[in-house]
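S.K.: Return atomic coordinates for the entry below.
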Amino acid sequence: MSTQELLALVQGVEGKDWASRRRGWSSQAEEPVCMWDGIICDPSDNSITSIRIQSADLYATIPTEWGQLKSLRTLVLRENLLYGTIPPEVAALPNLQTFDVAENDLSGPLPPFASMSLGVMDSSRNKLSGSLPSTIGENHALTLTLFDVMDNDLTGTIPSSFSKMRNLGTLSLGSNNLWGLIPPSLGSLPMLQYLYLDNNNLVGPIPPSLARFRSGGIDGSLLSEVWFQENMLSGTIPTALADLKKLVNFYVDGNKLTGKVPKDLCSETLNSDFFSNIPADAQRDLCDSVACPVNEVAFEGVYPCSPCDSLHYNPYLGRTGECIALNQRLIMEKFYQATSKLGPWDGGSNWNHDETFLCDFDGVTCDGNNNVIEIKLDGRGLSGTIPEELGFLEYLEILDLSDNDLTGFLPSDLRWAPLRHLDVSGTKLKGIVPPMLCLKQGVNGNGINGDYNCERISCPAGSFGPSGKRGSAPGEQCIPCADNDATYLGMKQCKRVGIRDQSSESHGGLGVSGLAGTIVAISGVMIAAVLFVVLRAHRRKYASRRALPQGEGDDEIVFDKSVYNQTGVSSLPYADGPRRPSGGSSRKGTWKDLATRVPSSSYRDEPPNQKSAEPFSIGHVGDSDDENDDDDDERYEDEESISSALDKEVRRQQSHGASKKTPVWEYPDPLEEEDARSVSSSAWDVEKDSKKEVWLDVPKI
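M.R.: Now for the predicted structure:
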């Protein structure tokens, strides 16, 4: 009998008080263990198969001793006062089918679960931290139906291994601190009905692959709830999502999306709760229930929407809160407030002096019309985050914020400024470079000869470079670190160089001379290899009378991931991998109704009001050996649609006179219009910027 293991739950005075009000739960109890409150046993051998103790005011940790209960299939401890971590010993239970510890005070990482029978994993509304296990979908490919970790403090990227869970119906990652891209491979999940990624720091596009049809089915995707609100997603809303015939709720407000809501997506049934109090015969734009249009704003980013006034602007769909002020002084004041969280900047500053003229601010340079064109504040002790408003300085060409104590994420809003030079190296920025910044032409030499590369903006987390970004000179490359703590963008040094090796922790770090020698050696090898490949390819070109391979379906070696191609864009050198306010979501009726639709009791009540980001490559188009459906699931399954849509957009713009070597993404350039001084005729005019962006904001590979 497992009496001692069970009684490990009774801890301290609070535990004894709790046990005194329960049947059993004492070494002197007359009842057999299988008669104790919350315990169910297998009648054949009296082994414990289920422990259900919920809403019982239990103050304790989860005992590591419970890892000895090898027959345990159900463990439900939700809505208690549990603290401490989830013991790896419990996660290693071989027969566990249901693990539910929602609404407690648990902390620490989420351990990988060993049971290949696990069907429900609910650790929502705790204080879990760290990243999601990268192999999370491998042990539960055919069994897991619900995975819920919403409302924690998880970081890192969304593992693409989720795509292996063929029976997953609910994926709830909302209200965390996840970053990176939404894996397009989530569209391959045939049973997925509820997808909650809201309130995170996700960037990049909404994958059109989410609307793919079920394999062998005729009803199409089963998705009925999609929550993407309050992230940093960019690009436009894919029209393909109109094919989601079962879609009831689709929330995308509070992002950086541009363009228009596709008309085919707007209907009386989609997000209908926002119009619940509106008369049926009232005139209304059904698309406003998805997101307010560009240059309008709303409390929740949806109906009712209000236009921005003449001194403000908003290039985004579903803008929440307020429009963005275009006044230079107001923008600079917000920047100072956001970057002086730990006190005044080093050496003092006149930025907070009302009597100081804008162009006399420390580190600021203006043109002859008093427009801010340069901000150089490297090494000035800035602390805090980079505010989005900075990207709306219409004439800003140089921005140097290097070697400061800046945290948070690199805002994609910087794409709107006509930047030629951007330096955020030597800071503590996390996540990945937003794809829209990777596609910005001209900044740090980006886009030359059609080469668009995120590393020209900043070296990714887990790597470093002498200048914190990729340059054109020899040795100005991003080199992988072997440090497990190399978690920031734009690092200029790391303790150990090379691919991370967990088994090599005993090796010492390189000294300065050793590090310099390593850089020189690596650079020399790379230059020699490039010359060899180029010469070899050059000979083959003339021998076979054909062009060099472009890295899509060719068998030739592509030494550099950023290869020139005729569309004027190239691959991102990264592979893909949610924070609800404390008040919770204010969506009308959705949380109360979820109890009848989602197979988890975690949605039954109305809620109260670093591991480093891994390098990501947008898909694996070069891998052309798609021999079976499993291989397809491990890759992004929408590269063909991405290439097709991108090629179509290239042809469309070329038919309107665009050059083959110019990128198809158009960004407002205020410097092209000398007389653009007023808001009404500025670069932020509605018809000049965000509505012209294509739906896809990642480069073609």
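S.K.: In the stretch 301-450 of the chain, mark out all the strands, start to finish.
M.R.: 306-307, 312-313, 324-325, 364-366, 372-376, 383-384, 398-400, 405-406, 421-423 (DSSP state E, counting those that start in this stretch).
S.K.: can you tell me which of those strands comes nearest to residue 112?
M.R.: Of all those, it is strand 405-406 that lies closest to residue 112, at 33.4 Å by Cβ to Cβ. Every residue, glycine included, has its C-beta placed from N, CA and C.
S.K.: what packs against that closest one?
M.R.: strand 383-384 (3 or more Cβ pairs under 8 Å, 6 or more residues apart in numbering; DSSP states H and E).
S.K.: For residue 121, grab the count of nearby residues.
M.R.: 24 (other Cβ atoms under 10 Å).
S.K.: Need the per-residue pLDDT for residue 155.
M.R.: pLDDT for residue 155: 95.
S.K.: quick check, it in a strand?
M.R.: Yes - counting by DSSP: H, G, I helix; E, B strand; the rest coil, residue 155 falls inside a strand.
S.K.: just to revisit the earlier point, output the strands of the stretch 301-450 of the chain in TSV, with distance to residue 161, mean pLDDT and mean neighbour count appended to each entry.
M.R.: Conversion of the strands of the stretch 301-450 of the chain to TSV gives the following (distance: least, Cβ to Cβ, whole Å; pLDDT from 0 to 100; neighbours: other Cβ atoms under 10 Å):
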stretch	distance to residue 161	mean pLDDT	mean neighbour count
strand 306-307	43	94	12
strand 312-313	41	94	22
strand 324-325	38	94	20
strand 364-366	47	96	16
strand 372-376	42	97	19
strand 383-384	35	96	18
strand 398-400	37	97	19
strand 405-406	32	96	18
strand 421-423	34	96	20
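S.K.: mind checking the end-to-end distance for stretch 376-383?
M.R.: End-to-end distance for stretch 376-383: 15 Å, by Cα to Cα, to the nearest Å.
S.K.: which residues are in contact with it?
M.R.: By Cβ atoms under 8 Å, 6 or more residues apart in numbering, the surrounding residues in contact with stretch 376-383 are 339-343, 345-347, 349, 362-363, 365, 398, 400-407, 423.
S.K.: In helices, which of these appear?
M.R.: Judged by DSSP state H, helices contain none of these.
S.K.: out of the residues you listed, which are buried?
M.R.: 339, 340, 345, 349, 400, 401, 402, 403, 404, 406, 423 (16 or more other Cβ atoms under 10 Å).
S.K.: count of residues packed around the residue lying closest to the first one once chain neighbours are set aside?
M.R.: Distance criterion Cβ to Cβ, 6 or more residues apart in numbering; nearest residue to residue 339, sequence neighbours excluded, is residue 382 at 4.2 Å. The criterion is other Cβ under 10 Å. On that basis, residue 382 has 26 neighbouring residues.
S.K.: Same check on residue 476?
M.R.: Residue 476, neighbours per other Cβ under 10 Å, totals 15.
S.K.: again, but for the one 10 residues further on
M.R.: Using other Cβ under 10 Å as the criterion, residue 486 is surrounded by 21 other residues.
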